[in-house]
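Q: my questions concern the predicted model and sequence given below.
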Amino acid sequence: MFGRKDSTGPKQGFVKRLRARLNRGDNWLSYDLARLAPGGTIDEDVLDELESLLVMADVGIDTTERIIGDLQADLERKELKDLDALRARLRNSLMAILEPVAHPLDIVQQDSPFVVLMVGVNGAGKTTTIGKLAKRFQGQGLSVMLAAGDTFRAAAVEQLQSWGERNDVSVISQQPGADPAAVIFDAWEAARSRNIDVLLADTAGRLQNQQGLMDELAKVKRVIARRDAAAPHEIMLVLDASQGQNALVQAERFHEALGLSGITVTKLDGSAKGGILFAIANQLRVPVRFIGIGESAEDMQPFSASEFVDALLASDGQS
């Protein structure tokens, strides 16, 4: 990896905002665990209530069963003596799911551009995420180019060009309806000739059940690989957290079609359903690169399992 490291200031502010925005509803772990056991005694009824909270938070049945199964084993061993023990054991169980997928996106220095192919359905925040990534990479001292591969929606090209102007980044585009693979191929050629470090390639928003469109994404992947066998170096899926279990279905379909190497989860500020992260991590084990909690560039940061779990487990009195 090359480029300078991020400063800690914005990150610290992000953690505080993450905790505040995740802890907005009684249907998730922000619901103080003490309310589940007013007398402080941990028993099967407490675990049943916790199980309901997990399911309602989009953690998913299979993942919830894994978590509750761990806690039930602890209960049978008489290791859940009080609320502090419950919090500690729950944290361990949640970390065991998320920590294996908390891997940052490392940009490897090479002769040709490092290609990031961005995929996802309309409305997930894909184009906005590209703009935020461009700004982040520039802040790390990397040169960036954007490819407007969503040729079916004029607004998508305009939005990408707006981000390019804002960040002083070149955007390669063609006429509406052009072959997306051709656009991204031309962008790769331009990026290589200009010694660009990172090429961020946008694609049209895909519905995961439209096989023709998924096949087109596979074509884009093949065309890029003809010029650089290692490219695309990252296939990143952008998911909207508020989609709940449908986000997991999307992730499964894109992974089957393309072989995802990373996921970015957006709009955690618009929903208390951050539990979908656990379902995705448990089912797919694809690295989670970034999470987003707002519109500004600072509202998207690299995913940290410990920060996310600690934010979920914060009680009412914690900030």
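A: Thanks, I have it.

Q: hey, let's count contacts and neighbours off CA atoms from now on
A: Noted.

Q: mind listing what's buried along stretch 245-257?
A: When burial is assessed from 16 or more other Cα atoms under 10 Å, stretch 245-257 yields the following buried residues: Q245, A247, L248, Q250, A251, E252, R253, F254, H255.

Q: would you mind identifying the next helix or strand past the strand or helix carrying the fifth one?
A: To tie it back to what came earlier, the one meant is A251. Per DSSP states H and E, A251 falls inside helix 245-258. The helix or strand immediately downstream of helix 245-258 is strand 262-266, counting by DSSP H and E.

Q: and that following strand, what other elements does it pack with?
A: strand 234-240, strand 288-292 (3 or more Cα pairs under 8 Å, 6 or more residues apart in numbering; DSSP states H and E).

Q: from the contact counts, what lies against the first one?
A: I take that to be strand 234-240. Against strand 234-240 (3+ Cα pairs under 8 Å, 6+ apart) you get strand 114-119, helix 245-258, strand 262-266.

Q: got the angle for it vs strand 262-266?
A: In terms of direction (axes from the mean of the first three to the mean of the last three Cα atoms, to 10 degrees), strand 234-240 departs from strand 262-266 by 20 degrees.

Q: poorly predicted segments of the stretch 101-250 of the chain, please.
A: In the prediction, the stretch 101-250 of the chain carries residues with pLDDT under 70 at positions 206-209.

Q: all helices of this protein, in order?
A: With DSSP state H as the criterion, the chain has helices at 9-22, 44-56, 61-76, 83-98, 126-139, 154-167, 180-193, 211-227, 245-258, 276-284, 305-312.

Q: make TSV out of the helices and strands packed on strand 234-240 and add distance to L75.
A: Listed next are the helices and strands packed on strand 234-240 as TSV, based on distance: least, Cα to Cα, whole Å:
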stretch	distance to L75
strand 114-119	43
helix 245-258	29
strand 262-266	33
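
Q: neighbours of the nearest residue to I61 once chain neighbours are set aside, just the number please.
A: In this structure, I61 finds its nearest non-sequential neighbour in V55, 6.4 Å apart by Cα to Cα, 6 or more residues apart in numbering. Neighbours of V55 under the rule other Cα atoms under 10 Å: 19.

Q: related to what we said a few turns ago, closest to L47 out of the helices and strands packed on strand 262-266?
A: Nearest to L47 among the helices and strands packed on strand 262-266 is strand 288-292 (28.1 Å), distances taken as Cα to Cα.

Q: just the angle for the closest one relative to strand 234-240, thanks.
A: Using the same axes, to 10 degrees, the direction of strand 288-292 lies 40 degrees away from that of strand 234-240.

Q: please save the CA atoms from strand 288-292 in CSV.
A: Output of strand 288-292 as CSV, limited to C-alpha atoms (Å, rounded to 0.1, in the frame of the first residue of the first chain):
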residue,chain,number,x,y,z
VAL,A,288,-16.4,-4.9,4.7
ARG,A,289,-14.4,-1.9,3.6
PHE,A,290,-16.3,1.2,4.6
ILE,A,291,-19.5,2.2,6.4
GLY,A,292,-21.4,5.5,5.9
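
Q: chain center to it: distance?
A: 4 Å (Cα atoms, centre = their mean, to the nearest Å).

Q: next, count neighbours for N92.
A: So N92, with other Cα under 10 Å, has 15 neighbours.

Q: please apply the same query to the one 10 residues further on.
A: For A102, the tally of surrounding residues (other Cα under 10 Å) stands at 22.

Q: now the helix holding A251: how far from the chain's centre is it?
A: With Cα atoms, centre = their mean, you get 13 Å for helix 245-258.

Q: which strands or helices does that helix pack on?
A: Counting by 3+ Cα pairs under 8 Å, 6+ apart, helix 245-258 packs on helix 211-227, strand 234-240, helix 276-284.

Q: just name the most buried of those.
A: strand 234-240 (a mean of 25; mean count of other Cα atoms under 10 Å).

Q: and the residue lying farthest from the centre of the chain, its phi and psi?
A: Largest separation from the mean C-alpha position in the chain: G39, at 38.2 Å (Cα atoms, centre = their mean). With angles defined as degrees, to the nearest 10, G39 sits at phi -90, psi 0.

Q: roughly how far does E298 sit from R194?
A: E298 sits 28 Å away from R194, taking Cα to Cα, to the nearest Å as the criterion.

Q: ok, those two, which is more surrounded?
A: Using other Cα under 10 Å as the criterion, E298 and R194 rank with E298 on top: 16 against 13.

Q: leaving out sequence neighbours, find the closest residue to I291.
A: Leaving aside its sequence neighbours, I291 sits nearest to V265 (Cα to Cα, 6+ apart; 4.8 Å).

Q: same check on W163?
A: G131 (5.3 Å).

Q: got a list of what the one you found touches?
A: L160, W163, G164 (Cα atoms under 8 Å, 6 or more residues apart in numbering).

Q: show the contacting residues for the second one.
A: Listed by Cα under 8 Å, 6+ apart, the contact partners of W163 are T128, G131, V169.
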